[in-house]
Every structure is written in C-alpha cells, then in structure tokens.
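*Asks:* Make a model of this:
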Amino acid sequence: MGDDAYVLTAAEAEPQALAAAARLVRAGLNPGDRVALIAPDSRANAASAARTQAAVAALAWGALRVGIVPVMVNPVLQDRERADFVADSRVALVLADADIVALTDRQAGSGGDSALAVGSGDLGSEISDVPLGRPMHFTSGTTGRSKGVWAGVMSEPEARDYWADEQRQWQLGSDDVLLNHGPLAHSAPLRFSMLALMAGARVVFTGGFDARSTSRAIVEHRPSVAMAVPTHLQRILDQPGGPPPSTYRRLVHAGSACPPDLKRRIHGWAGVENVWEFLGSTEGQFTACRGSEWEDRPGTLGRARPGRSLLIDDGSVAHEGTIWCVGPDFARFEYFDDDTKTQRAWRQTATGPAFTVGDLGRLDRDGYLFLHGRRHDLIITGGMNVYPAEVEAELRRCPGVRDVAVFGQPDPTWGERVCAAVVGEISVDQVLSWARTEVAGYRRPKGVYLVDELPLTSNGKVRRDGLAAWVESHA
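*Replies:* Numbering: from 1, shown residues only. This is a model prediction of the structure:
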C-alpha cells in the first residue's frame, strides 16, 4: 500500500470539491439535505481504495461548503445494516465508490444519476470557503440502534469558529503532510483530513491500515501529522525489525485506552513532546493531553480543551462519576430524530449547557481528567466502537439462538475483543459460521460461550456488571 498510496493536495482537492458541490446543487439538493457516502468498498485493491478515500474527503469538503451534509455509512457493514442506516437518516442521495470518484471529477459527468452528470459550473456566492458544519457520523448508547450525531447547518460565523477551534488545537499548516490511518466513516479521520485540506496541506491515503504498508508510506511520504488509534501504533512498533524512524511533529491518538507500556513506547519512538492524546467522541471533544503531561500524571487524558470545562456529576474534586462537558455554542448537537436520547445527553449547569456520552472518570485538583470507564456497555476494539445491543439483535436472528449477551474481554492487541454468551440449542461453530456471513467483521464475536441461562437483574435485564467473570465460571 505504500506504493499504492494516493496523495491529495489542497490545490487538487479544491476544484474537486467545487465540482462535487455544483453537481449536488444542480441535482436539486438544498442546505440541510443529506447525502449518504458508502466507500471505499472493502473488496477494492489498495490503490483503488486510496483513490476513493481521497474522493470521499474532497466530496465531503465540497458538500458541506454548500450546506449539504454527508452521512458517513461504514462500508464494512452488511447490506441490510447499511440499508438501516440510510433509511434512518432520510438521505436525499446514496453514493458509493465509483459514483463518489466521478462526482469529484472536474472533466467527466457523474457516470450515474443523470441529474448529476452535468458540468461543475460556477457556484459563485452560493459556496462558502469554509464547511458549514460537520458530517453526520453514527454512534449509539446502550439501548438499540445507532443514531446519527446531527449538528445541522451552521451559519458562516459559527462554522468559522468551529473549524478555527480545531485549527488552534492541532495547528496544521501548508507545509504539513497528514497520513490518514483510519476509515473515513469515523469522525476523527475525516475531520483531520478536512482540516489538513483547509490548511493547504497534503493528505496521504493508503486505502486501509496495514502495518507494513503504513510504514512504507511513512518512509516514502515523510508525514508530519497523523491521527491513529493505539492498535495501529502498536502494530507498527511490533513489526519484525522494528518501526521506521518517526517523521512526526504531531502524532495524535485516541479511540481506545492506551496501556502505559505502549504509551511509553510511542513516546520513545515519536518523541514525548510530539505525541498527543485526546478524549473525544462522535458527539464532541473533551480533553487534549501532550505526552509530557501524561508522563507527569500517568494515566491522565489531560485537561479540558480551550473553550470547554469539565464537570463530574456534582462537581466535586476526586469524585468518580459521569463526565460532563460544557462547550462552545458551535459544538451543540442532537441525535437525529431522537429527542429522548438528545435530552438525556444534555443538562443545564451554572456555566452553560453540558453534554455527556456516559463515560466515567474523575478530575484531580489541577483539572486533569482520569477516565475510569467508557460507556457502560461499549466495547472498543482496535479503535472501533461496538455496541452490545446491536450485535445481540443480529445474533438473535441466528437459528437455534434463544438468548444472547455480548461483552468485551481484554485483548493485548485490540484493547478488547467482542465475545458472546449464547443460550440455545446450537454449537459454538454454528454461531461463528453464521456470524461470518451476517455480522460485520469488527463487530463479530471472537469468542462464543454456551450457557444454560443469562444472569438477570430483578427487573429482568441482563446483569452486565461482571458479566465476563460470570460467563467464565458458568460456560
């Protein structure tokens, strides 16, 4: 993939973004309308996938500049799962792979819907020079289907404040080269890619993560900035012969817990002052932490990002509880078509509206945050969020499964592995075989345990606290 990498410069991305925006407008889409992007196809070769990733970034950049919101649908989901996401978000248009590439082509028509097969033209004052918001990505709580995080269409002043806030934190410049590590269906990889293009930088896409090919890209393209998950970095460091020399001036990681020994290896490789970690979510950003701050307070995720303040339930110091963040007005969001979930995520405080994603932690007396647990049921495997309720719904469709509970177990490579306790007249091999064709790979159980019954609370719900230990003693 190093040789197959696709380099997108800001100068090349600009006309591609304009062409895509013009075609969407001329097809009748209006500000606030949504367009689903499903790419790249996981079966594509590395070069094709990298080219498609670049087109996704350019299209998202252009669409948002006319107020059309990209809805990022994970291409590795099964067809039925993707259809559910598309239906839930009520999109005006669905684009995948070749259609996305064609839409950003300045010379050709879209090759698809005839309404899009028109010249790019000149949008003039219709297009802003800044994205008027952020893409819609999907997240979920502990109950039921994922929901889109919806920030709507921002005014130009709000949008400038939003993107300036990101730029102040990560400080990308026109001389930077960003190596994209992650799938653009997730919020941070796409946000960093768009931020780099806005800064006039280059973005290197590899089509997907592989330790050896990513290492080749580091050697060939000498990236100065990257955003990765700890699993990516561990696999680079663990290669036979060791990793290539780091070229990073800013290496950012997030997405899952980083074990202390791995954290120190990352610091030794890239330089402690060059490494940053943040606590964030699809919904919003909480903290940022330079490597030297972590070395002074091992385990911390840093202090609140500028313009934000953190509260732990009642606001007391050294108390463990739910983490709440008071943020700027431009950081407001809602869950698409789910007022109840939105209301649960927000509350009014003395310093302004605050939101939570249900994470638990504490603040020390200097305002440094220590995370004690992610969302109660959330499994984070290789930086990917897996919600047990969604996987359980899939597994209950398997013939012979009467009931199921999904949980995470620690894993030295992935952080956590997805496991399932199954009740029914079925074998482990039958469950695994069925899941291989019906459940997306990152959500697929890696361990299946057959049990006679599941532990229940007094109100009949699965007792999730201590579920992994219970399963080990009962399977």
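*Asks:* mind showing which ranges of this structure have poor pLDDT?
*Replies:* Counting by pLDDT under 70, the chain has low-confidence residues at 1-2, 108-125, 140-145, 314-318, 374-376, 457-461.
*Asks:* Please, where are all the strands along the stretch 1-150 of the chain?
*Replies:* 6-9, 34-38, 69-72, 93-96, 138-139, 147-150 (DSSP state E, counting those that start in this stretch).
*Asks:* what about the longest helix in this protein?
*Replies:* Across the chain, the longest stretch assigned as helix under DSSP state H is helix 46-64.
*Asks:* Now do the buried residues in that one.
*Replies:* Residues 46, 48-64 are the ones in helix 46-64 that count as buried (16 or more other Cβ atoms under 10 Å). No exception for glycine: its C-beta is placed from N, CA and C like everyone else's.
*Asks:* host element of residue 232?
*Replies:* Counting by DSSP states H and E, the element that carries residue 232 is helix 230-237.
*Asks:* Alpha carbons of that helix, as CSV, please.
*Replies:* Taking Å, rounded to 0.1, in the frame of the first residue of the first chain, the C-alpha atoms of helix 230-237 are listed here in CSV:
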residue,chain,number,x,y,z
PRO,A,230,-3.3,2.7,19.8
THR,A,231,-3.8,-0.6,18.0
HIS,A,232,-2.3,1.0,14.8
LEU,A,233,0.7,2.3,16.6
GLN,A,234,1.3,-1.0,18.5
ARG,A,235,1.3,-2.9,15.2
ILE,A,236,3.8,-0.5,13.7
LEU,A,237,6.1,-0.8,16.7
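*Asks:* got the contact list for the most centrally placed residue in the chain?
*Replies:* The residue lying closest to the centre of the chain (Cα atoms, centre = their mean) is residue 186, at 2.7 Å. Counting by Cβ atoms under 8 Å, 6 or more residues apart in numbering, residue 186 makes contact with 72, 137, 282, 383, 384.
*Asks:* Please apply the same query to residue 427.
*Replies:* residue 450.
*Asks:* What is the nearest of the contacts of residue 186 to residue 260?
*Replies:* Relative to residue 260, the closest of these is residue 383; by Cβ to Cβ it sits at 18.0 Å.
*Asks:* what's the distance between the closest one and residue 284?
*Replies:* 18 Å (Cβ to Cβ, to the nearest Å).
*Asks:* And the two? Which one has more around it.
*Replies:* A direct count of neighbours by other Cβ atoms under 10 Å for residue 383 and residue 284 places residue 383 higher, at 24 against 21.
*Asks:* Not counting sequence-adjacent ones, nearest residue to the more buried one?
*Replies:* residue 229 (2.8 Å; Cβ to Cβ, 6 or more residues apart in numbering).
*Asks:* tell me the contacts of that neighbour?
*Replies:* Residue 229 touches 181, 182, 253, 254, 255, 256, 382, 383, counting by Cβ under 8 Å, 6+ apart.
*Asks:* On the three-state scheme, the fifth one is what?
*Replies:* Look at residue 255: counting by DSSP: H, G, I helix; E, B strand; the rest coil, its state is coil.
*Asks:* same deal with the second one?
*Replies:* For residue 182, the reduced secondary structure class is coil; criterion used: three-state DSSP.
*Asks:* all helices of the stretch 101-250 of the chain, in order?
*Replies:* Applying DSSP state H, counting those that start in this stretch to the stretch 101-250 of the chain gives helices spanning 156-170, 187-198, 211-221, 230-237.
*Asks:* what's the angle from the third one to helix 46-64?
*Replies:* Taking axes from the mean of the first three to the mean of the last three Cα atoms, to 10 degrees, one finds helix 211-221 and helix 46-64 inclined to each other by 70 degrees.
*Asks:* which residues sit against helix 211-221?
*Replies:* Counting by Cβ under 8 Å, 6+ apart, 1-5, 7, 46, 177, 179, 181, 204, 206, 223, 232, 235-236, 238-239, 243-244, 246-247 sit against helix 211-221.
*Asks:* still on that earlier bit, so of the strands of the stretch 1-150 of the chain, which one's packed in deepest?
*Replies:* Counting by mean count of other Cβ atoms under 10 Å, strand 69-72 has the highest mean neighbour count of those, with a mean of 27.
*Asks:* Give the other helices and strands that that strand contacts.
*Replies:* The contact analysis (3 or more Cβ pairs under 8 Å, 6 or more residues apart in numbering; DSSP states H and E) places strand 69-72 against strand 34-38, helix 46-64, helix 79-89.
*Asks:* Show me what the first one pairs with in its sheet, parallel or antiparallel.
*Replies:* The partner list of strand 34-38 in its sheet, established with DSSP bridges, is strand 69-72 (parallel), strand 93-96 (parallel).
*Asks:* Figure out the helix or strand that the closest residue to residue 254 other than its chain neighbours lives in.
*Replies:* Of all residues not flanking residue 254 in the chain, residue 278 sits nearest, at 4.9 Å (Cβ to Cβ, 6+ apart). Per DSSP H and E: residue 278 is located in strand 275-280.
*Asks:* how big is the angle separating the next helix-or-strand element following that strand from helix 156-170?
*Replies:* Later in the chain than strand 275-280, the nearest helix or strand by DSSP H and E is strand 285-290. Calculated by the same axes, to 10 degrees, strand 285-290 forms an angle of 30 degrees with helix 156-170.
*Asks:* Quick one: name whatever helix or strand follows strand 285-290.
*Replies:* helix 291-296.
*Asks:* what about that next one, distance to the chain center?
*Replies:* Relative to the centre of its chain, helix 291-296 is centred 25 Å away, using Cα atoms, centre = their mean, to the nearest Å.
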